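>>> model this:
(2 chains)
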Amino acid sequence: MTTPKTTIKLYNTKTRRKEDFVPIDADNVRMYVCGPTVYDRAHLGNARPVIVFDILYRLLRHVYGPDHVTYVRNFTDVDDRINETAQKRKAAGAEGTLETLIADRADETIDWYHQDMDALGALRPDHAPRATGFIGQMVAMIEDLIAKGHAYAAEGHVLFAVDSYKEYGALSGRSVDDMIAGARVEVAPYKRNPMDFVLWKPSTDDLPGWDSPWGRGRPGWHIECSAMAHELLGEAFDIHGGGNDLTFPHHENEIAQSTCVGHGFANVWMHNEMLQVEGKKMSKSLGNFFTVRDLLEQGVPGEVIRFVFLSTHYRKPMDWTEKKRAEAEKTLRKWYDLLTDVEPSTPDENFIADLADDLNSSKALYWLHHMADDLKQYQYWTSHGVEYVGPTPEELEATFLASAHLLGLLWQPTDNLSLPIIDLGAWEKELSKARSLAMQTKDFTEVDRIKNTLLEADVEVQMSKDSVKLTAGSAFDPSKLEALK
RNA sequence: GGCGAGUUGGCGGAGUGGUUACGCAGCGGAUUGCAAAUCCGUGUACAGGAGUUCGAUUCUCCUACUCGCCUCCA
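The predicted structure follows:
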């Protein structure tokens, strides 16, 4: 085991401080991130933790080695909204039992999720466990909690007794008394304390259920992460992540369960801030709700979405705006234009240092801008016959590309960001011909007419001394070129 | 009501106890038939008030405003 030369600093919600990250075992750095409930397409907000922790995963792999990091992200496939869809389908005459219809809905949603997150350039975790695959472990954990006096069965439910755990509320900075005073808790007659939360609940015949010492039922939401993290990552692991809306109650409850059963659980707790859209919370009622798939279908490349997310630090609210989308696309296109076919080398050290400082992705992008600038200048001056002492353009490009790859950017072959590939060769010849003629006659009316029409059709026109280059933009409208014929 | 985060130039967005990144937009110049692209150069900011300090945008407190969570929404 070698000591890594990069020290990663991470903000730990548990201590409310930025700390040097020291893994339990540098040969196997372990991270658990709360994944989606698979009831429907992932909305844009779901993409934020995916991208944030993808960056952390890539950084950890860079620092500790790709074979020395284990990343687990779960799928919650026990959920009433999944059941609802299945019930509706059954009522509409779909084939199969309710169980298979539920499984089908989860399967298709997981498939969508993978497709959408792949499009964002997110690496797949090492394990993507489904809650339904770990019911046995959950039941065993609940039994253990009861045996240790931290949980009790009542009316087919099993509840965690918050009074049995003194530290309850420590992660989110709340006290049980304050929360009860807030009066936002569900009052149920079988609860000893209003804050007690469900570990197990009974299922009726029309709901999925598993046999248990407390009758046929299904697990509460929080226990799955405790059980799966323990099963796949062991008694204690390094990092636990998720959106900051999960801090309470989800993560608070995970800690309570796992700690009371005797697990060390997670050392570092990380939470990303929420996403907004044009300055407002994304919600169906405001009409600004959309999925990752919606954006992709509108022709916004996943890489552009990723770039926009990276431009804001993960602990700050991020606003998704049309303007940012356009800027990101423009920048990425410029960067792609700089690339020749040089192979990536190793990332820039300054770049790594800032990224390792609590994932300062915005600062990391600054370094990419910086490197791109250098590269551009070397390319420019080299092409003008000026010789420089220092790194060659190839070396600069290799470092630039390796750095960009660490952020999951510029990974596509050559491409220019899924721009429609439209052959405008005929128009290039046309314009070129008219221009050569105009050079002699000094009458540029025809050239301007063609150029302006092309511009109106969203074609970028670049004329140099001896060539004409046309590139169709994302709003390319071929019908506008009809006028030229 | 409880808990937490934030307020930086036209916009976005880092960072720092003393010379304030960067991107986009703007402006000037080179280049161009005109443009585009590219190159060179360039201006503007740290919510308000008080305190600590030789000195605060950076630390502390107060005020205002914004936002999030407390509802199995990441």
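>>> what about the closest residue to RNA strand B within chain A, how many neighbours?
RNA strand B sits closest to A:G243 of chain A, with a gap of 1.6 Å, by Cβ to the nearest atom of the strand. Every C-beta, even on glycine, is put in place using the N, C-alpha and C of the backbone. For A:G243, the count of nearby residues is 20 (other Cβ atoms under 10 Å).
>>> Go ahead and confirm A:H68 touches A:R30.
No: A:H68 is beyond contact range of A:R30, at 10.0 Å (criterion: Cβ atoms under 8 Å).
>>> between those two, who's got more neighbours?
Counted by other Cβ under 10 Å, A:H68 and A:R30 do not tie: A:R30 has more neighbours, with 24 against 17.
>>> Figure out the helix or strand that that one lives in.
strand A:29-33 (DSSP states H and E).
>>> CA-only coordinates of that strand in PDB, if you can.
The C-alpha trace of strand A:29-33 is given here as PDB (Å, rounded to 0.1, in the frame of the first residue of the first chain):
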ATOM      1  CA  VAL A  29     -12.000   2.900  -0.200                       C
ATOM      2  CA  ARG A  30     -15.700   2.500   0.300                       C
ATOM      3  CA  MET A  31     -18.600   4.800  -0.600                       C
ATOM      4  CA  TYR A  32     -22.300   4.500  -0.400                       C
ATOM      5  CA  VAL A  33     -24.700   6.900  -2.100                       C
END
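>>> Counting neighbours, what do you get for the closest residue to A:P219 other than its chain neighbours?
Excluding the flanking residues, the one nearest A:P219 by Cβ to Cβ, 6 or more residues apart in numbering is A:M138, at 4.8 Å. Other residues lying near A:M138 total 25 when counted by other Cβ under 10 Å.
>>> and if you look at A:S203?
So A:S203, with other Cβ under 10 Å, has 18 neighbours.
>>> Which residue is the nearest non-sequential neighbour of it?
A:G209 (3.2 Å).
>>> Just to check, the one you found is in contact with A:W200?
No: using Cβ under 8 Å, A:G209 is not in contact with A:W200, being 10.3 Å away.
>>> Find the residues that touch each one of the two.
Residues touching both A:G209 and A:W200 (Cβ atoms under 8 Å, 6 or more residues apart in numbering) are A:217-218.
>>> what about these two, which has more around it?
Shown here are A:G209 and A:W200; by other Cβ under 10 Å, A:W200 has more neighbours (27 against 18).
>>> next one: phi and psi at the residue nearest to the more buried one when sequence neighbours are not counted?
Of all residues not flanking A:W200 in the chain, A:V158 sits nearest, at 4.0 Å (Cβ to Cβ, 6+ apart). As for A:V158, its main-chain torsions (degrees, to the nearest 10) stand at phi -120, psi 130.
>>> A:V158: neighbour count?
A:V158, neighbours per other Cβ under 10 Å, totals 25.
>>> do the same with the one 5 residues further on
Using other Cβ under 10 Å, the number of residues around A:D163 comes to 13.
>>> what's the answer for A:S311, then?
For A:S311, using other Cβ under 10 Å, the count is 15.
>>> wait, doesn't it sit right on A:A328?
Yes: with contact defined as Cβ under 8 Å, A:S311 counts as touching A:A328 (7.2 Å).
>>> hmm, back to that, so in that sheet, which strands flank the strand holding A:R30, and in what orientation?
strand A:69-73 (parallel), strand A:236-243 (parallel) (DSSP bridges).
>>> how close does A:V50 get to A:R41?
Here the criterion is Cβ to Cβ, to the nearest Å. By it, A:V50 lies 14 Å from A:R41.
>>> Those two: which has the busier surroundings?
A:V50 (25 against 16).
>>> Next, give phi and psi for the more buried one.
phi -60, psi -50.
>>> residues contacting it?
Applying Cβ under 8 Å, 6+ apart, we find A:V50 in contact with A:117, A:120, A:122.
>>> Helices - which of the residues you listed land there?
Secondary structure from DSSP state H places A:M117 of the contacts of A:V50 in helices.
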